[in-house]
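Undergrad: no FASTA, just this:
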């Protein structure tokens, strides 16, 4: 008993494995994760951290080491009368030397930058959000491509299934005709006609199977894994609950507006004064004590430190134009946003009309297929009774095949139109 149960369990597991399915949502998710563009998100994160690190380092002390030698044709000196008096007193005053040299270090430290670094950090983060939103928009297009391939596979597989049904009908009637031929109630031409049509249908099945393999290979490239043992699960025909679009383009417009405002704020911070500490130390000649340097040419160590307030008023000249530029940029972004939403509404409205039209048409599909099947069955009976020939039967079989294909086509088209609407709205 245990052995029988284990065997049954293994059979169930193997059956599930062989007939594992994958949904259209899974395909889209896998394709987005596998698409090469996804790598740019990490690159943007790294770039943002580098830029923020550079801004933080702007608060570190700036140290400038230097060495210089200069020669001057004129240097400060004592008036000749005063120099003469000093020389009479035994103090020679030769003045500053025309050759001067020093080795030193200049240090500066920002104490307050008027809010520039804070605005720069906000701008870096905002620009990062804009770039990521732009990638979201590009990546979103992958969804449409994957969905189109998915529905192409579903449609082609339905065509194969319907063609196999037709092929089975042709084979069934071919067997009947062969029996009738042996009894002398059918002609060879009738057999040849049915057999030729069966071979034609079989060729269509082979071509469709090749097309499905091609579509599946493309889908496998998108999702990054093999789909050889997987069936594509037919999605549900569910209309989106909300018709308010949630497209990544809308978030891109929002981030662009935010970045534009922060850029304007950064311009305003340039109007503020800057406060900083500075220090200077050098060893050389002349020193800060010019009087002593005029008496002798000895090298000395000199240090100076203080606070500095700077205010660049040039920014006031361009403030008005910068403000106007910000306003124009915002209006341009809002215009693009309104245009996108307008086109989005038009597209979703058109797609909803197509969905309603397909639903209306599909109401009669099942009835048409049933009627075509009844006509074909009657034609088979009439052929057996010699009332019609094989040509008439082939017409009836072809009509039934077209009706079945049309019904399946409408089903897939409805699903595809619904998913096009979902793509348009991102729902």
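TA: Thanks, I have it. This one's a predicted model, so the numbers in the text were calculated from it and none came from an experiment. Numbers count the residues shown, from 1 in each chain.
Undergrad: For residue 156, give me its contacts.
TA: If you count contacts by Cβ atoms under 8 Å, 6 or more residues apart in numbering, residue 156 has them with 208, 211-212, 215. No exception for glycine: its C-beta is placed from N, CA and C like everyone else's.
Undergrad: Just the closest of those residues to residue 421, please.
TA: In terms of Cβ to Cβ, no member of those lies closer to residue 421 than residue 215, at 22.5 Å.
Undergrad: what sits against the nearest residue to the closest one once chain neighbours are set aside?
TA: The shortest distance from residue 215 to any residue other than its chain neighbours is 4.7 Å, reached at residue 153 (Cβ to Cβ, 6 or more residues apart in numbering). If you count contacts by Cβ under 8 Å, 6+ apart, residue 153 has them with 212, 215-216, 219, 232.
Undergrad: Pull out the buried residues from these.
TA: Burial of the contacts of residue 153 was assessed by neighbour count (16 or more other Cβ atoms under 10 Å); the buried members are 212, 215-216, 219, 232.
Undergrad: can you tell me which of these are in strands?
TA: With strands taken from DSSP state E, the overlap with those comprises residue 232.
Undergrad: Any chance of CSV for the buried ones among the contacts of residue 153, columns distance to residue 284 and pLDDT?
TA: CSV is the format used below for the buried ones among the contacts of residue 153 (distance: Cβ to Cβ, whole Å; pLDDT from 0 to 100):
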residue, distance to residue 284, pLDDT
212, 85, 94
215, 80, 94
216, 80, 94
219, 76, 95
232, 82, 92
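Undergrad: could I get the buried ones among the contacts of residue 153 as TSV with distance to residue 375?
TA: As requested, these are arranged in TSV below (distance: Cβ to Cβ, whole Å):
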residue	distance to residue 375
212	31
215	34
216	36
219	39
232	33
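Undergrad: Of the buried ones among the contacts of residue 153, which belong to helices?
TA: Mapping the buried ones among the contacts of residue 153 onto helices (DSSP state H) picks out 212, 215-216, 219.
Undergrad: Counting by contacts, list what whichever strand or helix holds residue 371 packs against.
TA: Taking DSSP states H and E as the criterion, the element that holds residue 371 is helix 365-384. Contacts of helix 365-384 with other secondary structure elements, assessed using 3 or more Cβ pairs under 8 Å, 6 or more residues apart in numbering; DSSP states H and E, are made with helix 116-182, helix 390-425.
Undergrad: okay, the angle between it and helix 116-182?
TA: Taking axes from the mean of the first three to the mean of the last three Cα atoms, to 10 degrees, helix 365-384 and helix 116-182 form an angle of 20 degrees between their directions.
Undergrad: tell me the contacts of the residue lying closest to residue 140 once chain neighbours are set aside?
TA: Taking Cβ to Cβ, 6+ apart, and ignoring the residues beside it in sequence, residue 140 has residue 248 as its nearest neighbour in space, at 5.1 Å. Remark: with contacts taken as Cβ under 8 Å, 6+ apart, residue 248 is in contact with 133, 136-137, 139-140, 426.
Undergrad: and which of these is nearest to residue 95?
TA: When the contacts of residue 248 are compared for distance to residue 95, the smallest value, 68.8 Å, is given by residue 133; criterion: Cβ to Cβ.
Undergrad: May I see the buried residues of stretch 328-345?
TA: For stretch 328-345, the buried set under the neighbour-count rule, 16+ other Cβ under 10 Å, comprises 329, 333, 337, 340, 344.
Undergrad: Name the helix or strand for the first one, please.
TA: Yep, that's residue 329 we're talking about. Using DSSP H and E, residue 329 sits in helix 314-362.
Undergrad: Which of the three states applies to residue 276?
TA: Per DSSP: H, G, I helix; E, B strand; the rest coil, the secondary structure class of residue 276 is strand.
Undergrad: Could you give the separation of the helix holding residue 371 from the chain centroid?
TA: Relative to the chain's own centre, helix 365-384 is displaced by 52 Å; criterion: Cα atoms, centre = their mean, to the nearest Å.
Undergrad: between it and helix 390-425, how big is the angle?
TA: For helix 365-384 and helix 390-425, the angle between their directions (the same axes, to 10 degrees) works out to 170 degrees.
Undergrad: Residue 65 sits in which helix or strand?
TA: Counting by DSSP H and E, residue 65 is part of strand 62-71.
Undergrad: Contacts only, for the nearest residue to residue 297 once chain neighbours are set aside.
TA: Leaving aside its sequence neighbours, residue 297 sits nearest to residue 97 (Cβ to Cβ, 6+ apart; 5.4 Å). Contact analysis of residue 97 by Cβ under 8 Å, 6+ apart lists 75, 285-286, 297.
Undergrad: Recalculate using a threshold of 7 Å.
TA: Each residue near residue 97 by Cβ atoms under 7 Å, 6 or more residues apart in numbering is listed here: 75, 285, 297.
Undergrad: any weak-confidence spans in the chain?
TA: Flagging of the chain using pLDDT under 70 yields the residue ranges 1-19, 78, 80-93.
Undergrad: From residue 147, how far off is the residue most central in space within it?
TA: Taking Cα atoms, centre = their mean, the centroid of the chain lies closest to residue 139, which sits 2.7 Å from it. Residue 139 sits 14 Å away from residue 147, taking Cβ to Cβ, to the nearest Å as the criterion.
Undergrad: now residue 381
TA: With the distance defined as Cβ to Cβ, residue 381 ends up 45 Å from residue 147.
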